[in-house]
Structures are given as structure tokens and as C-alpha cells.
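[1] Fold the stuff below for me.
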Amino acid sequence: MAAPDTSTFTSSSQVFTAHTLPQIRTIHKSLHVQIDEKSARLRTQVGNSYRDLLGTADAIVRMRGDMLAAQDILGAMGGLCGRTPVGAKIGGLARFRGAEHVEARMGCVARAKLLAACALAVGRLLKGGPESRGDRLVLAAKVLVLKRLLVSSFGAVDSLDDEEIRAAVEGARKTLNSLRRRLLRAVEKVLEKIGDGTDRGDILKALTAYSLASSSGARDVLRHFLSVRAEAMTYEFDPDEHEKQRDTESVLKGLDLYTSTLLDVQALVPSKLSDALLRLKKQHLLADESLLEIEGLRLDIFEKWCGDEIQYFTPFIRHDDLDGKQAREMLTSWATKGGEILLQGLRRTLEHVSEFKTIVDLRTSVLQHWIRDGGKARGFDPSVMLNGLREAIDDRLLYILETKVAKLKLVGSEVTATLEAWRPGVTDQHRGLWDEEMLDMDVSGGATHVTHEVISRLYGRNDAVARVVTSYESWHHLIDSVGDLIGQLRRQRWDDDVEEIEDEDVIAERQKLLSKDDPKLLQKKLNETITEAFKNLNEHLTTAWKSRLESPDNGPISMYLLRILRDIRGRLPLLEGIQSFGLESVPSLHEKLAAYVSLSPLEEFVSMVLTKRRVAGRVLWEGEPALPAQPSPGTFKLLRNVIMSMGDAGLDLWTPAAVDVLKRTFGKQLVEVWRKELDSEVADAQETNETNEIKPSEQADSDPTEEKEDSPESEKALPEVSEKSEDKSKDIYIMWLYDIHLFIQCLGPDVSSEESFKAFVDEIFKKTGLENEANDRLAKISQEYWKRTNLLFGLLA
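    Have a look, this model is predicted:
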């Protein structure tokens, strides 16, 4: 139900006579609401009026205080405007206006004080302060410009009358250039500095300070910046100008200087540099707030004495003489020259590095630096510098590799030196495994030393051999380390593209170039140089052996060379071109070794056995005809002496090939000495027969009667002697034939099938007068004997 409009009621009776009870209640509520609204409005209006009243009262009080202050000031001014004060001031002003030289001197003194303050301020700013280094350099440049203006304002020094001012100006002129050089050097230090702690804003401010100090435009500033960076790169690679040694840090810093220069120039030039130079021209020098804040200058006092040419001075700097095209051309030209400086410095640094691993580590660091930062510069192909760095490093690696492989010639030099200083019985002294020195060895230090000593004695590595083997092992270890480093290059990954700004094709091409092509080039060079080095070493050893081939000590020398070849061939690199290393000299070495080993036993055999004319153990012969069942003692001793001589030479020498050569050489020499003895026997028999023929003829000529009487007895005695001598010779030949069959079993079919050996056997067989069946029986008996006893002659079995 809507409430009736209460504004139409004129009296209270209208409410009760014309409305129902609910309507009356509604009217009652409405009236209360209206009463509350009007009460609140009234309170608000009264409060506002009260505040206005208070404000008016405060204004009246303040006006009263101002009127009282004005009355006091007017009273004081009235007192000062009396005849006496005004007259005194007029007189003083007249005197001051008349003394112009006093005003000029005050200006000179003020400027001289400001000059001294400028020098101190520049020195303090260059030493340090709470501001950033770039801000301090700009502020120092402004102070330096102010000092230059002040010095110029004095004109010629001779025209100054005051000695103190003249001395101050002369000192300021002298210090002006030194302060300028200090400032420029401080600017260069900021420009040279790179790294995480360097702000590009400081570089921009340093360039601004240089522009102020030298009145240079944007083009000259950029040229100076590029020149400073080029000199810094040259400085890093030139040890003659500083005390640092060439190392990897210099190379990396030079590379960082190169990449940072490209990025800094592209970031600052031309827009930011031009804007910074333009800001210097927007206000007067003395209006700069930073200058006014320097407490030591006191420009609030000295500014009015500086004159209009200083107060209204504005730096005139060409900020618009460099556009983007010119900046790109200057940067491109510098990048070309800077790249040459970097590569030349890298090559000079590498010339002083001889360790392959150091160069490989340097290669990794340099290329990672360039891959990370080189591609950030816009408009430059990073592959050009990458290829230059690769070429410089690869050339040095190839040279170092060739140098290290060429050290194999030291092995040949060691062999030559040993042969030239050869002392029989000393150089070739062979230490036995069971010497007292070995048995008394101290084993408390562990098994390593004992094992090394046992192996050295077992393989005949005396001091002479050990020196060569140690030299070769050192070289082999060096080459193994080079091979490992080349393998490390193959396993390197060069796809460290965190920002993902490179294409996959570029990354794949770089990976192939750095991890496949370069290691392949190094491995190919390594294999070629190793092959050539072993070829030269083989020729060197062959020449050294041929020069000693007819030496009296060729036997011990052959042992020495055989042991060297064995140890070297035991650790040959796995290259096909060197697998035949030293093999062409081995046959002649084995021959001299076999001849040396066989010489002493054969001499004893000839002197002690072949000269005998009796067969020992004849009664032990068996069969019909009677044949020996075992060799003669001399033959057995000969075989034993050969085995002992082989053992004295060293068991490590007797490979199957060496044993075969020994058997051939021994068989040939055996036949020669035996045939010589056989020929001497035949000659002795002929001489005996001739003597027997001569004696009966002499007896017949001397006494015919006695010849008749003694002839039957003489004829009977001669056949008996001849028969006994013939039987005795046959026994010796049969024994020899048995010994020869035993030697056939020992030396093998290759030796016994030679024509000279077969002819000698046939000749002995004919002298025995035996049948073929008896000869076959002798061969079978010797074969069975050899089967039973061959283990006694282990190396010849």
C-alpha cells in the first residue's frame, strides 16, 4: 500500500478522519523519516558554517600579524633611509664604481681559485667516488673543459701583474695536459674492460667523456673506440709490452674483446651515442646540476666571476656526422683487421705451446667461446672466423704431432750411441735370473719392482736394451696420448645453442667440421708420420747393423738388435704399413746369432772328438754286423754344449724362426768341419801308404840277402797292419754315420735334405762298407734313441 502524501495535510484531524489504521501507521513512519533527514541536513549546514567562521577568524589573525611585520619593516627602512645612512652609501658606491681595477683583480683571483679547485676535483673524480665510473668520467671531462675555459680566459700569462695569479695560471696550464692524459687513459681503461662486471652504459659515458675532453664528433669517437679495442687485442698477444705470459686466458680475452666490440658498436652506434652527445649541447656548461653539486668547486660563489664566455658556454660537438651506413662500414673494416690481429695473435701464442693436450683444451675453449658469442653480431658470418680459428689451431696441432712422432729417431740415436761405445763383456752383459743380486733383492717394497726385475732378466733387458726400450715406451705413450686426444675430439659435441638461434643444418655442418673432418685430418697425418718415422727408424737400424755385420762382436750385437726389434714389434701401432718393421734384418741377425752360438761347441767338437782314432764303447755294439746303439760321447756333448750356449745367449732369443736358422747354420758348419776332418784323414792314409811302399824298396836296395831272408815275414806283417787299420777306420766311419743319423733327427728334414749334407752322408756311408740294410738299421736305431732323449735338448727338439 502506497503511503499518502503528507505535504497536503493542513491539520492532524485529516489524518484520523480520512484514513485507516494501517495508513495512519504508514504516515507516522514517513513523518519520522522526514524529521530525521531534516535534522541531519541542519546539523551539516551548521557545521560548515562554523568551519568557515573559524577560517575567517584565522585569516584575520594572520593579517594582523602581517600588518605588524610590515610596520616593523617599514619602520626599519625608514630608519635606514635617513640622510646620514643614504649619504654614506652614496659615497661608498661612488668610491667602488671608481675602482675598476679592484673589480678586475677580484675576478682574476676568483678564477684562479676556481682553477685550483678544478684540478683537485678532477684528481678526486679520477681516483674514485660513490658514483659509477662512467658518471665520474663524464663529470671529470666537464670539469676539465671548465678548467680549459678558465685558462683561456686569462689570455697571455705575461700580461698578468699579480705574481700569485701568474704562477697559478702557469701551473694550471702545465697540469691541464697531464690531467687530460689521465682522463683519456681512464677512458681507455673503461673501453678496454670487458666481462660480467662491465656495463654498456659505462662504455657510452666513457665515449661521451672522450668526446668532451677531445672535442671529437661521433665519427671520431667511434674511430677511437675501435682503435682502443684493437690495441687491447694486440696487447693481449704481445708479451714484450707487459709481463703476462702467453696462455689460454690471453687468447680467450682477445676473442672476447673481438666479439664484445662487435656487439657494443651495434648496440651503441649510431643512435645511443648521438643522443648522448646531443644531450651535452642542450644546456650551458655551468648550468649542469652535476657540476653545481661538486662541493669543492663552489660555483655558487665563483660563477659570477667567470664572465659571459664561460657562463654561457655550451660544448660544440658534432653528434650527427655518423649515420648507420658509415658505422657499418667502419665496423666491417675493423672486424676484418681485428680478425687478422686475433688470428695472428693466436698463432703466436700457439708457437709457445708444445703440449698437444694444452692445444686441444685451448681449441675447445676458443671454439666454444666463438660459437656462444660469435653468432650474436648482426651482419657477420661466424663461419669465416670459425674456419680461421680452426686453420690456425689445426696447423699447430699438425706441427706438434709431426714433431712428437719424429722423436722416434731418438730410439735410433740411442742404438747408434750404444754401438759406438760397445764394450765386449760389459755392454752385452746378461744378468741371470738366479744371480745372487736377484736372490738378495729387497721385496719389502712390493711386488712391482720384483716383477719388473724378473721380466727384465727373463727377456734379456740389460742396461743397453733397457735404455732403448724405455725410450720407445716413452714415445709410444706419447703417441697413445695423442691418439686418445684425437678420439676425444671425435666425441665432442658442438650443439650448445641455448638460445636456439641457429638452424639445425648449421649445427650439423659445424658438428661434422669440428668432430669429424678435423680429427680425420689429424688421424691421417698421425698415421702418415708414424709410418714415415718407422720407415726411417728401420733404415737407420739396418744401416747400423750392416756397418757392424763383419765386426768381431757381431754375435752379441745381433742379440742386442734382436731384443730391441722384439720389444718394439711387441708394441707396434696398429698400422698396416709398419707391420713388416725390422723383418728384413731378422734373417741376417739370426744367422750371426746362430754362428756365434755354434762356434765354441763346434771348435771343441773338432779338437776333442773328430781327432780321435778310437771308438769308445766298441764292445757295446750289437747285431750282425755290429752297429752302435747310442751316439758317441763327443756327439752327445756337442748337442749339450749347443743347448748351453743357446741358454747363455738368452732363452728369449730362440723363436721358432731363430731355431730353424740355428739348425741350418749349425748343420752347414758341422758338415764343413767334418768334411775337413775327413779330407785330412784321407790325406793321412795316402801318406801312410806311400811311406809303406817306400820302405821295402829302400830295404831291397840296401841288402839283397836280408831281403830274401826277411821277405816272407815282411809280406806277412804288412797285410796284418793294413787290415787292422782298415777295420779301425771302418768303426770310426760307422760311429760317424750313426752320429750323423742322430744329427738328422735333431736338425730336421729341411737341413738333411740339402745337397751338401746328403753328399757328405753318402760319402761316409761308402767308407763304412755297410750294406743298405745296415744303414737303414742305423737310421732306425738313431731315431728311437732321439725319441727317448730329445727332451734333454729341449730347444733343439
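[2] going forward, measure contacts between C-alpha atoms and count neighbours the same way
    OK.
[3] and the longest helix for this structure?
    The residue-count maximum for a helix in the chain (DSSP state H) belongs to helix 21-80.
[4] starting at the chain centroid, how far to it?
    Using CA atoms, centre = their mean, to the nearest Å, the mean C-alpha position of helix 21-80 is found 93 Å from that of the whole chain.
[5] Let me know the average pLDDT across that helix.
    Taken as a whole, helix 21-80 has a mean pLDDT of 85.
[6] next one: stretch 655-667
    The average pLDDT within stretch 655-667 is 91.
[7] List the buried residues of it.
    658-667 (16 or more other CA atoms under 10 Å).
[8] Just the C-alphas of it, formatted as CSV.
    Output of stretch 655-667 as CSV, limited to C-alpha atoms (Å, rounded to 0.1, in the frame of the first residue of the first chain):
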residue,chain,number,x,y,z
THR,A,655,111.9,-68.2,-31.5
PRO,A,656,111.0,-71.0,-34.0
ALA,A,657,112.5,-69.0,-36.8
ALA,A,658,115.7,-68.5,-34.8
VAL,A,659,115.9,-72.2,-34.0
ASP,A,660,115.4,-73.1,-37.7
VAL,A,661,118.2,-70.7,-38.7
LEU,A,662,120.4,-72.2,-36.0
LYS,A,663,119.8,-75.7,-37.2
ARG,A,664,120.6,-74.8,-40.8
THR,A,665,123.7,-72.8,-39.8
PHE,A,666,124.8,-75.5,-37.3
GLY,A,667,124.3,-78.3,-39.9
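[9] what does it contact?
    587, 590-591, 593-595, 598, 747-748, 750-751, 757, 795-796 (CA atoms under 8 Å, 6 or more residues apart in numbering).
[10] in the stretch 251-400 of the chain, which spans are helices?
    Assigned by DSSP state H, counting those that start in this stretch, the helices in the stretch 251-400 of the chain fall at 271-280, 289-292, 299-302, 308-311, 324-351, 356-373, 382-406.
[11] could the buried residues of stretch 655-667 go into JSON lines alongside distance to D373?
    Listed next are the buried residues of stretch 655-667 as JSON lines, based on distance: CA to CA, whole Å:
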{"residue": "A658", "distance to D373": "65"}
{"residue": "V659", "distance to D373": "68"}
{"residue": "D660", "distance to D373": "69"}
{"residue": "V661", "distance to D373": "69"}
{"residue": "L662", "distance to D373": "71"}
{"residue": "K663", "distance to D373": "73"}
{"residue": "R664", "distance to D373": "74"}
{"residue": "T665", "distance to D373": "74"}
{"residue": "F666", "distance to D373": "76"}
{"residue": "G667", "distance to D373": "78"}
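[12] In helices, which of those residues appear?
    Among the buried residues of stretch 655-667, the members found in helices (DSSP H) are 658-667.
[13] The residue lying closest to V671 once chain neighbours are set aside: which element?
    Computed as CA to CA, 6 or more residues apart in numbering, the closest residue to V671 that is not its neighbour in sequence is F757, at 6.5 Å. For F757, the element it lies in under DSSP states H and E is helix 755-768.
[14] so what does the longest helix of the chain touch, helix or strand wise?
    Using 3 or more CA pairs under 8 Å, 6 or more residues apart in numbering; DSSP states H and E, no helix or strand is in contact with helix 21-80.
[15] before we move on, the earlier item: find the pair from the ones in helices among the buried residues of stretch 655-667 with maximum spatial separation.
    Farthest apart among these by CA to CA are A658 and G667. That separation is 14.0 Å.
[16] What count of nearby residues applies to D373?
    Applying other CA atoms under 10 Å, we find 17 residues neighbouring D373.
[17] Surely it touches T259?
    Yes: counting by CA atoms under 8 Å, D373 touches T259, with 6.5 Å between them.
[18] how about D518, what does it touch?
    D518 neighbours (CA under 8 Å, 6+ apart): D394.
[19] The helix or strand hosting it to helix 382-406, inter-axis angle?
    With elements taken from DSSP H and E, the one containing D518 is helix 518-547. Orientation of helix 518-547 against helix 382-406 (axes from the mean of the first three to the mean of the last three CA atoms, to 10 degrees) gives an angle of 20 degrees.
[20] which of the residues in helix 518-547 are buried?
    518-520, 522-523, 525-527, 529-542, 544-545.
[21] Show the average pLDDT along whichever helix or strand comes after it.
    For helix 518-547, the following helix or strand on the C-terminal side (DSSP H and E) is helix 554-569. Averaged across helix 554-569, the pLDDT comes to 90.
[22] What helices and strands are in contact with helix 554-569?
    Packing contacts for helix 554-569, counted by 3+ CA pairs under 8 Å, 6+ apart, involve helix 463-491, helix 586-605.
[23] Out of these, indicate the one that is most buried.
    helix 586-605 (a mean of 20; mean count of other CA atoms under 10 Å).
[24] can you give me the mean pLDDT across it?
    The average pLDDT within helix 586-605 is 91.
[25] after that helix comes which helix or strand?
    Going down the chain from helix 586-605, the next helix or strand is helix 633-649, by DSSP H and E.
[26] Spell out the residue ranges of the strands in the stretch 51-200 of the chain.
    Counting by DSSP state E, counting those that start in this stretch, no segments of the stretch 51-200 of the chain form strands.
[27] now the residue nearest to K525 when sequence neighbours are not counted: how far from E391?
    Sequence neighbours aside, L398 is the residue nearest to K525 in space, at 7.1 Å (criterion: CA to CA, 6+ apart). Applying CA to CA, to the nearest Å, the value for L398 to E391 is 10 Å.
[28] I am finished for the moment; much appreciated.
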